[in-house]
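**Student:** Okay, predicted coordinates and the sequence, questions at the end:
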Amino acid sequence: MHNNNNELTLGAPLSGPVMPLFNIDDAVFASGALGDGIAIDPLNDSLHAPCGGVIVQVARTLHALTLRADNGAELLLHLGLDTVALEGEGFTLLVGEGARVEAGQALLRFDLDQVARHSRSLVSPLVLTNGEHYELRARALESVKVGDPVLQIVPRQTPRAAATPESSDDEVRRHARVAHRGGLHARPAALLRQTAQRFDCSARLHLGDRSASLDSLIGIMGLGVEEQAQVEISCRGKDREAAIQALLQVLQTPLAEDHPHAAPPPPIASRPVEAGVLHGVCAAPGLVSGPLARLQGIQLPPDPGGHDAQEQRQALNSALEQVRSEIRATEQQALSRGDHAEQAIFNAHLALLEDPALLDTTHQAITHGSAATHAWSQAIDSQCQVLLELGNPLLAERTNDLRDLRQRVLRALLGEACHYELPQGAIVVAQELTPSDLLLISQKDVAGLCMAEGGATSHVAILARARGLPCLVALGPALLEIAPGQQLVLDADHGRLELTPDQARLEGVAIARWQHQLRRQRQQERGLSPAQTRDGRTIEVAANVASAAEARQAHLSGADGVGLLRTEFLFVDRRTAPDEREQLDAYQAVVDAMGDKPVIIRTIDVGGDKQLDYLPLPAEANPVLGLRGIRLAQARPQLLEQQLRALLQVNPAQRCRILLPMVSEVDELLQIRRCLERLAGELGISQLPELGVMIEVPSAALLAGQLAEHADFLSIGTNDLSQYTLAMDRDHAGLAGRVDALHPAILQLIASTCAGAARHQRWVGVCGALASDPLATPVLIGLGISELSVSPPQIGEIKERVRHLDAAECRRISASLLQLGSAASVREACRQHWPLD
Ligand code: PEP
Ligand code: MG
């Protein structure tokens, strides 16, 4: 009986430097497929029990064994990497399978020289294989001696949920011959288990009259399946057919490292439901082909130590300053595009860069003679480890941001010594890219991106989408085994990476791409004409811009006006507020850039988490629910009055429209209207610009009728309206996929906004990101929107979309979408009714 309540401290099984598992040079161990753990690079020649327990399994080739601790935790002790190939040579087993051992007892002796010479590496993983019941906390991440405490095993309060396949009596069974060199040792067994876990079914492996569930790594290894053995797989449950195909392929496809002398190994699929295809998650859509290019992090040579601390500190400080100013510039660009998500990413990077724990650890190492490069790199590693140990997936995702900062600062420290060489049109492959990698890569002419890890809501995914770079994530460790230069097809729309496309397929992709480009080109050419639906309704397609230069570009692309000029770009990142003259010049330049078209200028929307140095405000417990938008302007009236004075002087006034952000009740509008009239009187101006209200708070959508009575127009900010309606932070990486403005609740608010505006013959536009989503165009037209303000490169595309629609049909179908239960079902229905080409 296991005593699952006991915490347990594990002593080091070997003497030598300890490293986190994700850092070791083995894709399967590093991916965590076998479980959490650490690795030790041994300096001694015997492996010892990390705790008392029973040896439940010994590999036939003696290079690995599993110990079940008295509290039930199962520990895989794997000596070296790829040591299965030694066929037991150089290993002497000191205990047998089933033996009871005490903590510190020697289990295995090995010939250090022989193993080192004939295997890939001596680095030896220690892995907890039943992590669904326990978690690991690192105790030491430096050099240890046998028996030093290295890990703490803590039972989980709530065990990780195990899959509960649908019950079905229909079982499918298939025979297979095991192709893995050395049989089903730890890594192929882990791949088998990982593959089984992707399907909704229960699967078993049978060898003669013995069998094991594919849920259990120990069980699989315990069967002692040898290379070329004939085994049988059985699957029950909903996905049994797909699962059995995938499992057979894993059994019959040798791991790349199993063929040390062979020419480029056949790639293994991480979810091999089709031969020659890896499946991943779409982070940015598109269909492209190109040669594989591998991107590797910066590898540092060993550090001899003994460096001058003063010099290293100086080098570090100037590298940090360089990186800080690069990040600030990127953040600023994001802000001027109104890209809050991107801005938030880089803002978080700045905060991490100033983290005292990180800086203290780095400075300590420098004081002890480390090079700044190594001190920084190791400090980042240990911070990553701390985050990973918290067991919180969102925090674990942040390790990628830390690794990003490692790369950035190393790049700054090493200067010209490192840069990316990427072939033109390449599909770039990496374990996981960092945001700054992505910024660098997107300046090169690459076709697409693929990552073994990562999520569709990660920061990198957001950046890839914004740059239109097709990107698949979570393709699994097999991705990293594909040879550089191999021609691939990346079909991100369908989550597929095709590893062996034939000539016909490559030509097909090239033609599809060419047709896509041609379509875009035609759309852009036709962008200058107005957009009318098939039944004659005109939809204004305007642009969201942040500067006069962008406005000029939008005008050239055929924008029917500027639907949103975010004025924050003038106010942030400076020591004093821009004066009235500076503001007037900036607004006038945008109006002048737009020919005879109207320009909607939104009053300043700062406050909350967007602070101005010259406008100190108390810290807020809930910044997005605090003093922001128009509320801040009321609290600090001088700021808004100065801006309104500048806006009143823009010429001609008929082409300038003022838009108020974050309005939540009619009084706010009335107060600003009165203020505007007073200021106009003071300036001797008789022609007032139109005054509109942003509908981005649910209360404003519900009061649209009352607001429209006093406003000249309404403009819906779907970004904030989604955030406040769904109670989901619009910048929350983990919720990014769910903050979807096509949610039926938001559509109902849009419908009620249009109905309220229609009662007073006012028009309604959309200036949030939903306006740029072609899938949403028919719904918005159907609900009564007459202006869409989109990102400038999409003007032609959205206009073309409008021309293919019938407004009456849009109205009829959109009404029925309001009754659906989720954003996903609305999206699906849109795809059915109005397919995208
Ligand atoms: C919105 O909230 O949809 C909007 C357009 O404003 P911002 O993105 O600037 O908050
Ligand atoms: Mg907003």
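**Tutor:** Alright, I've got the coordinates. Residues are numbered from 1 along each chain as shown. Ligands and ions are numbered 1, 2, ... in the order given.
**Student:** Show the backbone phi and psi for the closest residue to residue 673 other than its chain neighbours.
**Tutor:** Closest residue to residue 673 apart from its sequence neighbours, by Cβ to Cβ, 6 or more residues apart in numbering: residue 691 at 6.0 Å. Quick note: C-beta positions are derived from backbone N, CA and C, even for glycine. With angles defined as degrees, to the nearest 10, residue 691 sits at phi -120, psi 120.
**Student:** Over to residue 791?
**Tutor:** Torsion angles at residue 791 (phi, psi; degrees, to the nearest 10) stand at phi -70, psi 140.
**Student:** one step back: report the contact partners of the residue nearest to residue 673.
**Tutor:** Residues in contact with residue 691, defined by Cβ atoms under 8 Å, 6 or more residues apart in numbering, are 657, 658, 660, 669, 672, 673, 676, 711, 712.
**Student:** tell me which of the residues you listed is nearest to residue 52?
**Tutor:** residue 660 (70.3 Å; Cβ to Cβ).
**Student:** What ranges in the stretch 451-600 of the chain fall below the confidence cut-off?
**Tutor:** Counting by pLDDT under 70, the stretch 451-600 of the chain shows low-confidence ranges at 455-459, 462, 466, 573.
**Student:** Which single residue of it ends up nearest ligand 1?
**Tutor:** residue 566 (5.4 Å; Cβ to the nearest ligand atom).
**Student:** ok, that residue touching residue 605?
**Tutor:** Yes - Residue 566 is within contact range of residue 605, at 7.0 Å (criterion: Cβ atoms under 8 Å).
**Student:** between the two, who's got more neighbours?
**Tutor:** Neighbour totals were compared for residue 566 and residue 605, and residue 605 leads with 25 against 22 (other Cβ atoms under 10 Å).
**Student:** Could you look up the SS state of the more buried one?
**Tutor:** The local conformation at residue 605, judged by DSSP: H, G, I helix; E, B strand; the rest coil, is coil.
**Student:** List the residues that contact it.
**Tutor:** By Cβ under 8 Å, 6+ apart, the contact set of residue 605 is 566, 567, 568, 628, 629, 661, 662.
**Student:** for those residues, which one is nearest residue 581?
**Tutor:** Using Cβ to Cβ, residue 567 comes nearest to residue 581 of the contacts of residue 605, at 15.0 Å.
**Student:** Strands of the stretch 351-500 of the chain, residue ranges please.
**Tutor:** Ranges of strands in the stretch 351-500 of the chain, per DSSP state E, counting those that start in this stretch, are 427-430, 448-451, 471-473, 487-491, 496-498.
**Student:** Could you name the helices and strands sitting against the first one?
**Tutor:** Pointing back at strand 427-430 there. Strand 427-430 sits against strand 287-294, strand 448-451, with contacts defined as 3 or more Cβ pairs under 8 Å, 6 or more residues apart in numbering; DSSP states H and E.
**Student:** what about the helices in the stretch 51-200 of the chain?
**Tutor:** Secondary structure of the stretch 51-200 of the chain (DSSP state H, counting those that start in this stretch): helices located at 112-118, 186-197.
**Student:** same question but for the stretch 501-650 of the chain, I mixed them up
**Tutor:** Secondary structure of the stretch 501-650 of the chain, counting by DSSP H, counting those that start in this stretch: helices at 503-526, 548-556, 568-571, 580-593, 630-635, 637-648.
**Student:** Need the contacts of residue 691 in CSV (columns: secondary structure).
**Tutor:** Compiled in CSV, the contacts of residue 691 are given as follows (three-state DSSP):
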residue, secondary structure
657, strand
658, strand
660, strand
669, helix
672, helix
673, helix
676, helix
711, coil
712, coil
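**Student:** Please tabulate the strands of the stretch 351-500 of the chain in a markdown table, including the columns distance to residue 177 and mean neighbour count.
**Tutor:** Compiled in a markdown table, these are given as follows (distance: least, Cβ to Cβ, whole Å; neighbours: other Cβ atoms under 10 Å):
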| stretch | distance to residue 177 | mean neighbour count |
| --- | --- | --- |
| strand 427-430 | 30 | 24 |
| strand 448-451 | 31 | 28 |
| strand 471-473 | 31 | 29 |
| strand 487-491 | 29 | 22 |
| strand 496-498 | 26 | 22 |
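**Student:** if we compare those, which one ends up closest to ligand 2?
**Tutor:** The closest of the strands of the stretch 351-500 of the chain to ligand 2 is strand 471-473. By Cβ to the ion, the value is 26.8 Å.
**Student:** now that closest one, how far from the centre of its chain.
**Tutor:** Using Cα atoms, centre = their mean, to the nearest Å, the distance from the centre of strand 471-473 to the centre of the chain it belongs to is 9 Å.
**Student:** From the centre of the chain, point out the most distant residue.
**Tutor:** For the chain, the C-alpha farthest from the mean C-alpha position belongs to residue 684; by Cα atoms, centre = their mean, that distance is 53.3 Å.
**Student:** per-residue confidence at that one?
**Tutor:** Residue 684 carries a pLDDT value of 97.
**Student:** nearest to ligand 2, of the helices of the stretch 51-200 of the chain?
**Tutor:** Within these, the stretch nearest ligand 2 is helix 186-197; the backing value is 40.9 Å (Cβ to the ion).
**Student:** Pull out the buried positions in that closest one.
**Tutor:** Residues of helix 186-197 classed as buried: 186, 187, 188, 189, 190, 191, 192, 193, 194, 195, 196 (neighbour count, 16 or more other Cβ atoms under 10 Å).
**Student:** okay, these in a markdown table with pLDDT next?
**Tutor:** As requested, the buried residues of helix 186-197 are exported to a markdown table (pLDDT from 0 to 100):
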| residue | pLDDT |
| --- | --- |
| 186 | 62 |
| 187 | 67 |
| 188 | 73 |
| 189 | 76 |
| 190 | 74 |
| 191 | 76 |
| 192 | 82 |
| 193 | 80 |
| 194 | 75 |
| 195 | 79 |
| 196 | 84 |
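**Student:** between these, which is nearest ligand 1?
**Tutor:** Sorting those by how near they are to ligand 1, with Cβ to the nearest ligand atom, puts residue 194 at the top with 39.8 Å.
**Student:** wait, isn't that closest one in contact with residue 188?
**Tutor:** No - judged on Cβ under 8 Å, residue 194 makes no contact with residue 188 at a distance of 10.5 Å.
**Student:** State the number of residues packed around residue 29.
**Tutor:** 25.
**Student:** Could you tell me how many residues sit around the residue nearest to residue 791 when sequence neighbours are not counted?
**Tutor:** Closest residue in space to residue 791, ignoring its immediate chain neighbours: residue 772 at 4.9 Å, by Cβ to Cβ, 6+ apart. Neighbour count for residue 772, taken as other Cβ under 10 Å: 23.
**Student:** Contacts only, for residue 772.
**Tutor:** Residue 772 sits next to 788, 790, 791, 794, 798 when contact means Cβ under 8 Å, 6+ apart.
**Student:** how close does it get to residue 196?
**Tutor:** Residue 772 sits at a distance of 41 Å from residue 196 (criterion: Cβ to Cβ, to the nearest Å).
**Student:** Over to residue 595?
**Tutor:** Taking Cβ to Cβ, one finds residue 595 at 63 Å from residue 196.
**Student:** Repeat that for residue 751.
**Tutor:** According to Cβ to Cβ, residue 751 stands 46 Å off from residue 196.
**Student:** what do you get for residue 654?
**Tutor:** From residue 654 across to residue 196, the span is 68 Å (Cβ to Cβ).
**Student:** try residue 669
**Tutor:** Going from residue 669 to residue 196 by Cβ to Cβ gives 60 Å.
**Student:** And residue 6, by the same measure?
**Tutor:** Plainly put, residue 6 is 30 Å away from residue 196 if you go by Cβ to Cβ.
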